[in-house]
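In: Here is a sequence together with a model predicted from it:
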Amino acid sequence: MKKVFYGVLTAITAASCQTAPKVVAELTEVYPSRPANSVMVYDVSDSVPAAAKTIGKVKCVDGGLTPTRNCLYGNMLALAVKKTAESGGNVLHIDKHKYPDGKYTCHRIWGTMMLMPDSLVKADAQESLRNIEDRHDAEYTDYAVAMIQRQKRLYDVPHDVVKVGVGPGWITSEITTDYGTYKRKMGFNFSADYQHIWNYGFGLGVNYQYFGTSFDNDLKLKMHYIGPSLAASMKLGDKWIWDVQVGMGYTHYTESMSNSYGHASESINRLGILAQMGIQYKMSDKIGIGFQFDSFRMSMERPEGFDTSKYDFYGIERLDLQFGLRFYM
């Protein structure tokens, strides 16, 4: 029952958040209102009779969270016509029209409201309105088809990719061991990643990383990471592909010391957070080359005497730069 209640509450909240398209008019002269079916509509490319006198401007734009059914071109144009009639005009000239895009769900219309003698309105107002709607419907169909084709090209990326890379890595955080305190240490990084991308560029992946470095006092540090991730990919050109992966996984961290007196090591297991961003060049249908930047973070237990006023975080923070091959399956 509680689930049903919350489901209904969510639906009501979503419905209440919906807004109507926004209609704004700026009048320079005020005239008595008239029927909407008496308004003659001229498109952007149409010439308005010289006898028409400007009485104001009108715009119909997205109101924010506007239902798509209220955003169709015919609906938005009807709002502009209605506002023109309410303002006393019998001519609406469309100055600018913008299609829906990634930011707005509505057609957007800017127009000039005018008034001219009714005797000069020789064409049928409703017929002119239908002709303009039909013309824009045809244009929008072509526009929508072009947008779909563009989206297909943008996300026409390999669906299954294996990435292998090597390169330098840098520990950027301060860490304290039994043998000293260290910061900003460079090391070697190796990675092997897999990602499966579905339509529209999103998918899942799995990542493995090894990082190792050594210090002057024979201290060696090693880290192994493996975990799942969310992935995204899209084309930057005919051959260039951008991709990103973000995930959390298991990290095995080891400190070891070897010298003439013997060998000692200590290991811990922690949760690590990994983020990757890279660019690859597709040399063929099966193989490519690429480079990527990695960011890694793993928290650790703070040692005694650690200055919490200086650092809020204690653990390993690392940045890596890798070059390698991409295999398309």
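Out: Alright, I've got the coordinates.
In: any idea how far the closest residue to Lys185 other than its chain neighbours lies from Ser214?
Out: For Lys185, ignoring the flanking residues on the chain, the nearest one in space by C-beta to C-beta, 6 or more residues apart in numbering is Ile171 at 4.5 Å. In this view, the C-beta of every residue, glycine as well, is placed from N, C-alpha and C. For Ile171, the distance to Ser214 (C-beta to C-beta, to the nearest Å) stands at 12 Å.
In: what do the two both touch?
Out: Residues touching both Ile171 and Ser214 by C-beta atoms under 8 Å, 6 or more residues apart in numbering: Gly187.
In: what ranges do the strands span in the chain?
Out: 22-27, 40-42, 53-61, 91-98, 108-115, 160-177, 180-197, 202-214, 219-235, 240-259, 262-282, 287-299, 315-328 (DSSP state E).
In: Make CSV from the ones you listed and add mean neighbour count and mean pLDDT to it.
Out: Listed next are the strands of the chain as CSV, based on neighbours: other C-beta atoms under 10 Å; pLDDT from 0 to 100:
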stretch, mean neighbour count, mean pLDDT
strand 22-27, 14, 92
strand 40-42, 23, 88
strand 53-61, 19, 94
strand 91-98, 19, 92
strand 108-115, 22, 94
strand 160-177, 18, 90
strand 180-197, 17, 89
strand 202-214, 19, 95
strand 219-235, 19, 93
strand 240-259, 18, 91
strand 262-282, 16, 91
strand 287-299, 18, 94
strand 315-328, 18, 94
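In: Which of those sits closest to Val121?
Out: Minimum separation from Val121 across these (C-beta to C-beta) falls at strand 40-42, 5.2 Å.
In: which residues touch the closest residue to Gln195 other than its chain neighbours?
Out: Residue nearest to Gln195 in three dimensions, not counting chain neighbours: Gly205, with 3.6 Å by C-beta to C-beta, 6+ apart. Counting by C-beta under 8 Å, 6+ apart, Gly205 touches 193-196, 228-231, 245, 247.
In: Same check on Asp218?
Out: 257-259.
In: can you check Gly324 too?
Out: Applying C-beta under 8 Å, 6+ apart, the residues near Gly324 are 163-167, 191, 289-291.
In: Give me the distance between it and Lys59.
Out: Counting by C-beta to C-beta - Gly324 and Lys59 are separated by 52 Å.
In: With Met329 instead?
Out: For Met329 relative to Lys59 (C-beta to C-beta), the value is 51 Å.
In: next one: Phe291
Out: On the measure of C-beta to C-beta, Phe291 and Lys59 end up 47 Å apart.
In: what's the answer for Tyr194, then?
Out: 50 Å.
In: Tell me how many other residues crowd Tyr200.
Out: For Tyr200, the neighbour count with other C-beta atoms under 10 Å is 12.
In: still on that earlier bit, I'd like the contacts of Asp218 as a markdown table, with distance to Val24 appended.
Out: Below are these laid out as a markdown table (distance: C-beta to C-beta, whole Å):
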| residue | distance to Val24 |
| --- | --- |
| Met257 | 73 |
| Ser258 | 76 |
| Asn259 | 78 |
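In: Considering those, which is situated nearest to Glu317?
Out: Met257 (22.9 Å).
In: That closest one bridge partners, please.
Out: Leu219, Ala264 (DSSP bridges).
In: Next up, the contacts around it.
Out: Neighbours of Met257 in contact, by C-beta under 8 Å, 6+ apart: 179, 217-220, 263-265.
In: Arg318 too?
Out: 169-173, 211, 294-297.
In: so how far is Gln245 from it?
Out: For Arg318, the distance to Gln245 - C-beta to C-beta - is 16 Å.
In: so Ile175 makes contact with Thr213?
Out: No. Contact criterion C-beta atoms under 8 Å: Ile175 and Thr213 do not qualify, at 11.0 Å.
In: Not counting its neighbours along the chain, what's nearest Ser267?
Out: Ser267's closest residue in space is Thr254 (C-beta to C-beta, 6+ apart), at 4.5 Å.
In: Can you give me the distance of that neighbour to Phe188?
Out: For Thr254 relative to Phe188 (C-beta to C-beta), the value is 15 Å.
In: try Asn207
Out: 17 Å.
In: same thing with His97?
Out: 58 Å.
In: same deal with Gly169?
Out: Counting by C-beta to C-beta - Gly169 and Phe188 are separated by 7 Å.
In: intersection of neighbour lists for the two?
Out: 211, 213.
In: just to revisit the earlier point, which among the contacts of Gly205 gets closest to Thr84?
Out: Leu230 (49.4 Å).
In: so who does the closest residue to that closest one other than its chain neighbours touch?
Out: Counting by C-beta to C-beta, 6+ apart, Val246 is the residue found nearest to Leu230 once chain neighbours are left out, at 5.5 Å. Val246 makes contact with 229-230, 274-276, according to C-beta under 8 Å, 6+ apart.
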